[in-house]
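Colleague: quick check, what structure comes out for this input:
(2 chains)
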Amino acid sequence: MRRLIAATAAGSLAVAAALFGALPASAADTAEVYVVHGIPGLPVDVYVNGALTLDDFQPETVAGPLDLPAGSYDVAITAADAADDSAPLLTATADLTGGNSYTLVAHLTADGSPTISPYANDISTISAGQTRLVVRHDAAAPAVDVRAGGTVVLANVTNPNQGVLNIPAGTVSADVVLAGTTTVAIGPASLNLAEGSATFVHAVGSAADGTLALVSFVIPGLHSAPGGVPAGNGPAESSVPMIALVVLLTVGLTAAGIGGRRLLLDHSH
Amino acid sequence: MSRRQAATSLATGLALIVAAPLVWWATQPEPAGQTVSSVNAAVAEELMSSAVTSGESRESVAGPTASDPATGRTAAPSDTTGSAADIPAATAPAAPTETAVPAPPPSTATAPTQTGSAPPPVEPAPPVRIEVPALGVDTTVVPVGVDENGLMEIPHDVGTVGWYRFGPAPGTGTGSAVLSGHVDDYRQGVGVFGRIGDLGPGDVVRVSDESGVAREFSVVSREEWSKGDVPMDRLFDRGGSSRLVLITCGGSFNSDTLGYNDNIAITAVPVGT
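Modeller: Numbers count the residues shown, from 1 in each chain, chains lettered A, B, ... in the order given. Purely as a prediction, here's the structure:
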């Protein structure tokens, strides 16, 4: 196992979360936080402001959502068998704004060092019939392309960045390839992307150690109504009116013509 | 031909010429769209979820409490490699008296199966048939989604009714199950939903699902709006009381846009509620 170097990752979460939608008004003073454990082979304990919050947190799992009052939090990650948080492996400071949704990911950097990366979760409303797929590169691996059904949908994603797709809802066979190639690094995996939900997929682990994996969670309830109900195309077209018109005019003109001509001829004599 | 006969022929001919355009106009097919009086709109409004009332677009996001393992919301997409979303018991950081003694190991059960919690309610199967005895309607229901313009898809066949598949199925414990059909079509004529504007409180709608279960609903309200005013969020609400909403077009037909100006909606609740 790669020797861990105690590292301090000052991850500040002052992201422009105004772009990412908001929690319901009733939760405006709190933020929600998901925590993703993407460091292979290392169960950990997670302390928030000195209190043990996640105990024996297993790699390749997701915790949360934790609802926390808006504010600044000190996050410390220790080995799972540590007695307390006096010798953390990783620390970070998280500034949480009320009404927003965040993910903290403990993962390896591109060159294999453990770190914590913060993300704002896009929880803005999704158009009717659509779903949102967010893919985050949190693995010790080079740049990758994300493919859906074999077609590249997110190109050249590097650690620790993410790509966001708003696409029609449905089941997608997704995989991750080395950028610009067809060399599959992870997958394929069948993703059932539900309408009105956002699916957050994290590529974690180490390519060199063969521990690459996908860790995911879903935020539902982001749906919206369709724009309208176009349920009517108008009255049935019929040939009856035109036929009636033609027939009546024909008969009428004929009758008027015959009668009128007879009277005119009679008059002229 | 005598002069009298000639005069009669001329007069008759002129009469027919005058009558022709009148007959042409009178035999034009009528648009089937109805104009109806609204009944019990307030009842329909009361059924909606608080999320719609307050303009929120998201269900409650209440996370796990101090001793409550997370349920449901952290389920990973199906079949994703190695991502079973096990949720360790999360304790709120506002409890500084938590000791450093490790809590019992977290359950390794996957999220939906929590010891001691009630099994989730069984969702009704998708609807396949609708009957409206008061209108003599008995026809097929098919699932529909959203068209390329973001509008609800309506089955092309005016004899078929569409169920909005992204919302709840009829009979689900919460939310509005939406069914719609064309009021008419310029090739097919009047549709099965052509006269839902005639329905009023107490009329019965019966919907049968794929597994053979039939559920009865009793109409509580009838409403009509011009299309710009339709409360789409309320009609497609996925929360609030369990209800069935039938929608079609109504009002006057706009021959410029080849569409109707209004929507008509009938709201019904499960019999016994």
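
Colleague: quick one: contacts for whichever residue of the stretch 151-273 of chain B sits closest to chain A?
Modeller: When scored by C-beta to the nearest C-beta, the stretch 151-273 of chain B has B:Cys249 as its residue closest to chain A, at 3.1 Å. Yep, even glycine has a C-beta here, placed from its N, CA and C like the rest. Each residue near B:Cys249 by C-beta atoms under 8 Å, 6 or more residues apart in numbering or on different chains is listed here: A:229-232, B:33, B:182-183, B:259-260, B:262-264.

Colleague: is it possible to get CSV of those residues that adds neighbour count?
Modeller: Shown next, in CSV, are these (neighbours: other C-beta atoms under 10 Å in any protein chain shown):
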residue, neighbour count
A:Val229, 27
A:Pro230, 20
A:Ala231, 28
A:Gly232, 32
B:Gly33, 26
B:His182, 29
B:Val183, 32
B:Gly259, 17
B:Tyr260, 28
B:Asp262, 22
B:Asn263, 28
B:Ile264, 29
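
Colleague: rebuild these as a markdown table, extending it with pLDDT and secondary structure.
Modeller: A markdown table is the format used below for these (pLDDT from 0 to 100; DSSP: H, G, I helix; E, B strand; the rest coil):
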| residue | pLDDT | secondary structure |
| --- | --- | --- |
| A:Val229 | 98 | coil |
| A:Pro230 | 97 | coil |
| A:Ala231 | 96 | coil |
| A:Gly232 | 94 | coil |
| B:Gly33 | 94 | coil |
| B:His182 | 97 | coil |
| B:Val183 | 96 | coil |
| B:Gly259 | 93 | strand |
| B:Tyr260 | 96 | strand |
| B:Asp262 | 97 | strand |
| B:Asn263 | 98 | strand |
| B:Ile264 | 98 | strand |
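
Colleague: helix or strand right after the least confident helix or strand in chain A by mean pLDDT?
Modeller: Lowest on mean pLDDT, DSSP states H and E among the helices and strands of chain A sits strand A:7-8, with a mean of 38. Counting by DSSP states H and E, the element after strand A:7-8 in chain order, helix or strand, is strand A:30-37.

Colleague: that following strand and chain B in contact?
Modeller: Yes. Using C-beta under 8 Å from any C-beta of the partner chain, strand A:30-37 comes into contact with chain B via A:32, A:34.

Colleague: quick one: mean pLDDT over whatever helix or strand comes next after that strand.
Modeller: Scanning forward in sequence from strand A:30-37 by DSSP H and E, the next helix or strand is strand A:44-48. Mean pLDDT, strand A:44-48: 96.

Colleague: figure out how far strand A:44-48 is from the centre of its chain.
Modeller: Centroid displacement of strand A:44-48 relative to its chain, using C-alpha atoms, centre = their mean, to the nearest Å, is 27 Å.

Colleague: do it and chain B meet?
Modeller: Yes. Looking at strand A:44-48 against chain B by C-beta under 8 Å from any C-beta, the contacts come from A:45, A:48.

Colleague: now that strand and strand A:30-37, what's the angle there?
Modeller: Between strand A:44-48 and strand A:30-37, the angle comes out at 160 degrees (axes from the mean of the first three to the mean of the last three C-alpha atoms, to 10 degrees).
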